[in-house]
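Trainee: output the structure for:
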Amino acid sequence: MSDLSGLSTDATIYLGMAASSTLLFLLRLVLSMIGGDAGGAHGGDFGMHVDSPAGADHGADHHGDSTSAFKLFSLLSLLGFFMGAGWMGLACRLDWELGSGASLAAALGFGCVCMLLTAVLARSMRSLNSEPQLDLRLCIGTAGQVYLPIPPRGAGRGQVRVNVDGRSRIVPAGSAGPAIAAFQSVKVLAVDSDDSIVVEPQP
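Mentor: Here you go, the predicted structure:
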């Protein structure tokens with residue numbers, strides 16, 4: 001690249017924008033890849049923290065995951081835009097010696113391309129960092145243990161620890177009949193539409 005001394009005002013702006021956005025982009029990318037924020041991905045286990053004792057945040061964690069992913073998507077995309085626009089604008093002014101208007105147009109166009117590419121990268125990263133969604137139907141017919149007491153049928157939900165595809169999970173559960181006390185063994189009968197299971201006491 002040409003000598004950076006005696007830069008015009010717009011070339012100086014492009015240089016500052018390119019250098020700062022590139023540094024921030026690389027830092028954010030590294031943090032995302034090592035799990036600093038990567039999509040806030042707790043994994044999509046039915047859209048909830050099924051390991052949470054409270055179990056009352058059904059849907060709230062899913063919303064939080066979406067918000068985190070949106071923040072990651074937006075920040076990386078924005079940095080990608082400024083990084084691409086900065087380097088392209090600087091190249092146009094110093095290497096290709098284009099005018100201010102043509103340089104600005106090229107910078108904006110290339111910045112938009114970089115923003116789209118970065119958006120695809122961010123989405124791919126989130127997919128890689130997400131745990132596979134578990135299918136609760138796999139635990140139908142298996143035994144579990146009551147984690148939080150389950151009220152009688154139709155009166156609410158408790159929690160049961162079950163094995164889903166070889167992984168121990170605590171999931172919301174309703175009774176097929178009477179109330180079931182904590183630590184009692186149960187059998188999984190079905191899965192409800194709200195991603196809770198229906199159980200009955202083991203004989």
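
Trainee: so V191 touches G141, yeah?
Mentor: No. Between V191 and G141 there is no contact under C-beta atoms under 8 Å: 11.3 Å. (C-beta placed from N, C-alpha, C; glycine too.)

Trainee: between the two, which one's more packed in?
Mentor: For V191 versus G141, neighbours defined as other C-beta atoms under 10 Å are more numerous around V191 (18 against 10).

Trainee: contact partners for that one?
Mentor: Each residue near V191 by C-beta atoms under 8 Å, 6 or more residues apart in numbering is listed here: 136-137, 140, 197-198.

Trainee: what of G111?
Mentor: G111 neighbours (C-beta under 8 Å, 6+ apart): 80-86, 88.

Trainee: just the buried members of those residues?
Mentor: 80-86, 88 (16 or more other C-beta atoms under 10 Å).

Trainee: okay, and which of the residues you listed map to strands?
Mentor: The strands, defined by DSSP state E, take in nothing from those.

Trainee: make a markdown table out of those and add pLDDT and distance to V186.
Mentor: Supplementary listing: the buried ones among the contacts of G111 in a markdown table, determined by pLDDT from 0 to 100; distance: C-beta to C-beta, whole Å:
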| residue | pLDDT | distance to V186 |
| --- | --- | --- |
| G80 | 91 | 51 |
| F81 | 93 | 54 |
| F82 | 94 | 56 |
| M83 | 95 | 55 |
| G84 | 95 | 57 |
| A85 | 95 | 59 |
| G86 | 95 | 60 |
| M88 | 96 | 63 |
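
Trainee: and this protein, what are its domains?
Mentor: Listed by automatic domain parsing, the domain ranges of the chain are 9-129, 136-201.

Trainee: run the chain-centre distance for the shortest one.
Mentor: It stands for domain 136-201. Centroid separation between domain 136-201 and its chain, computed with C-alpha atoms, centre = their mean, to the nearest Å, is 28 Å.

Trainee: pull up the distance across it, start to finish.
Mentor: The first residue of domain 136-201 is 19 Å away from its last residue (C-alpha to C-alpha, to the nearest Å).
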